[in-house]
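1. Would you be able to build a 3D model of this:
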Amino acid sequence: MSLYCGIDLHSNNHVVVVIDEEDRRIVEKRLPNEFTSTLKLLEPYREQLAGVVVESTFNWYWLVDGLMEAGFVVRLANTAAIKQYEGLKHTEDHYDAFFLAHLLRLGILPTGYIYPKERRAVRDLMRRRLSLVRTAARQLISVQSQIWRSTGVRISSNQLRRPDFVPPLKEPHATLPAASSLTIYHALQREIARPEEAVLKEVRLRPEFEVLKTIKGVGPILGLTIMLETGDIHRFAQVGNYSSYCRCVKAERLSNGKRKGEGNRKAGNKYLSWAFSEAAHFCVRFEPLAKRFYERKKAKTNGIVAIRATAHKLARAAYYMLKDQEAFDAKRLFG
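-> Prediction:
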């Protein structure tokens with residue numbers, strides 16, 4: 001008889017439940033987040049276990065990697081796609097672990113992608129770089145806003161980035177925070193360069209991803225981000241699956257032509273969403289056909305919707321470019 005295991009993972013402990021073909025609970029135990037105790041608990045059932053489901057939380061790496069290295073068949077549960085019966089009056093960790101094992105037994109478990117361990121550290125380094133870039137941008141915006149509201153003069157970002165720039169503020173208590181923000185900005189710029197150099201030294205665009213550089217505005221950083229976040233393009237059955245994963249599609253529910261609410265707009269990869277938005281901004285600047293499409297869309301809606309529509313087109317184009325290994329053709333996309 002096959003057995004099925006579900007693990008409800010938390011920050012400092014996890015609940016393990018093993019069930020049989022008739023949903024009888026064979027094992028049910030809460031353990032500390034220490035792999036040897038988990039392995040010791042599951043070892044007697046290794047031959048019978050058809051699979052182990054781990055909840056996709058922020059700290060799943062150690063548990064999933066350990067179980068896979070130990071030879072277990074592991075599935076990563078896509079928690080955003082799992083919805084329990086709303087009529088339940090009481091749920092707790094043991095039931096959540098049981099429910100994961102139950103879905104696995106029925107063959108209806110929504111699963112997530114287990115990113116290859118050997119490339120995960122580089123991908124996470126690129127994510128940390130993006131976090132630093134956003135922090136640096138917030139410092140510039142803070143100084144720009146402070147000068148604008150105090151003097152009525154809007155200073156461009158290029159001027160603020162200059163190492164010798166002095167905020168044109170007369171009040172000492174206003175000058176101090178502006179100078180501090182600029183000091184933090186320049187320090188962050190040095191820190192941003194470190195992961196960039198490390199990533200560019202460690203990894204290059206794989207041959208199948210070199211085609212991304214034919215998109216005007218996609219350089220080494222955006223190309224690497226798209227490559228590392230996408231992984232194997234063939235894991236997406238259709239172009240719609242990929243563009244949805246990039247958060248480039250509408251999250252709405254329609255019935256009989258009427259809007260009945262919204263779906264989960266945050267389902268997908270926020271880093272790919274950012275990458276294609278950045279690519280859209282650059283493409284609109286350097287590709288005339290993209291600019292024409294953007295202006296037409298902007299005239300009907302607004303700039304934000306127009307740039308997201310452009311990003312959606314680029315995401316769809318990237319899918320076919322990667323799958324068919326064809327160079328970017330602006331006429332086919334925007335013509």
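2. Now do the same for residue 54: helix, strand or coil?
-> Using DSSP: H, G, I helix; E, B strand; the rest coil, the structure places residue 54 in strand.
3. Double-check it against residue 72; I have them as touching.
-> No - Residue 54 is beyond contact range of residue 72, at 10.0 Å (criterion: Cβ atoms under 8 Å). No exception for glycine: its C-beta is placed from N, CA and C like everyone else's.
4. who has more neighbours, these two?
-> With neighbours defined as other Cβ atoms under 10 Å, residue 54 and residue 72 compare such that residue 54 has more, 23 against 18.
5. which ones are touching that one?
-> When contacts are counted by Cβ atoms under 8 Å, 6 or more residues apart in numbering, residue 54 touches 7, 9, 60, 63-64, 67, 74-77.
6. ok, the nearest residue to residue 323 once chain neighbours are set aside to residue 314 distance?
-> Leaving aside its sequence neighbours, residue 323 sits nearest to residue 233 (Cβ to Cβ, 6 or more residues apart in numbering; 5.7 Å). The gap separating residue 233 from residue 314 is 15 Å, by Cβ to Cβ, to the nearest Å.
7. Looking at the two, which is more packed in?
-> Neighbour tally, residue 233 and residue 314, criterion other Cβ under 10 Å: the higher count belongs to residue 314, 29 against 16.
8. how many other residues sit next to the residue lying closest to residue 5 once chain neighbours are set aside?
-> Take residue 5 and drop its neighbours on the chain: the residue closest to it by Cβ to Cβ, 6+ apart is residue 52, 4.4 Å away. Look at residue 52: counted by other Cβ under 10 Å, it has 27 neighbours.
9. Quick check, residue 52 in contact with residue 9.
-> No - look at residue 52 against residue 9 with Cβ under 8 Å: they stay out of range, at 11.5 Å.
10. Show me whatever sits in contact with both of the two.
-> In contact with both residue 52 and residue 9: no residue, using Cβ under 8 Å, 6+ apart.
11. by contact count, what packs against the helix or strand containing residue 36?
-> Here residue 36, judged by DSSP states H and E, is contained in helix 35-42. Helices and strands touching helix 35-42, by 3 or more Cβ pairs under 8 Å, 6 or more residues apart in numbering; DSSP states H and E, are strand 13-19, strand 25-32, helix 61-69.
12. hmm, who's touching the longest one?
-> What that stands for is helix 61-69. In this structure, residues lying in contact with helix 61-69 by Cβ under 8 Å, 6+ apart are 7, 9, 14, 33, 35, 38-39, 42, 52, 54, 74, 76, 114, 117, 120.
13. Over to the second one?
-> Residues lying outside strand 25-32 but in contact with it, judged by Cβ under 8 Å, 6+ apart, are 3, 5, 12-20, 37-38, 41, 45, 93-94, 97-98.
14. Let's see that with 7 Å instead.
-> Here strand 25-32 makes contact (Cβ atoms under 7 Å, 6 or more residues apart in numbering) with 3, 13-20, 37-38, 41, 94, 98.
15. Buried only: go through the contacts of helix 61-69 for me.
-> Neighbour-count burial (16 or more other Cβ atoms under 10 Å) applied to the contacts of helix 61-69 gives 7, 9, 14, 38, 42, 52, 54, 74, 76, 114.
16. Assumed residue 275 was part of a strand.
-> No - the assignment for residue 275 (three-state DSSP) gives helix, which keeps it out of a strand.
17. what about the residue nearest to it when sequence neighbours are not counted, neighbour count?
-> Distances taken as Cβ to Cβ, 6+ apart place residue 225 nearest to residue 275, at 4.6 Å, with adjacent residues excluded. Residues near residue 225, counting by other Cβ under 10 Å, number 25.
18. Packing partners of the helix or strand encompassing residue 225?
-> Using DSSP H and E, residue 225 maps to helix 220-230. Packing partners of helix 220-230 (3 or more Cβ pairs under 7 Å, 6 or more residues apart in numbering; DSSP states H and E): helix 117-151, helix 172-202, helix 270-286.
19. Name the residues that touch whichever strand or helix holds residue 6?
-> Taking DSSP H and E as the criterion, residue 6 maps to strand 3-9. With Cβ under 7 Å, 6+ apart as the test, strand 3-9 has contacts from 14-20, 26, 42, 45, 48-55, 57, 59-60, 63, 93, 96-101, 104-105.
20. how about a cut-off of 6 Å?
-> For strand 3-9, the external contacting residues (Cβ atoms under 6 Å, 6 or more residues apart in numbering) are 14-20, 45, 48-50, 52-55, 57, 93, 96-97, 100-101, 104-105.
21. now swap in stretch 74-82 and tell me
-> Contacts for stretch 74-82 (Cβ under 6 Å, 6+ apart): 51-56, 64, 67-68, 100, 110-112, 114, 264, 267.
22. With stretch 139-147 instead?
-> With contacts defined as Cβ under 6 Å, 6+ apart, stretch 139-147 is touched by 155, 157, 160, 178, 181-182, 184-185.
23. Quick check: buried residues in it?
-> By 16+ other Cβ under 10 Å, the buried positions in stretch 139-147 come out as 139-140, 142-144, 146-147.
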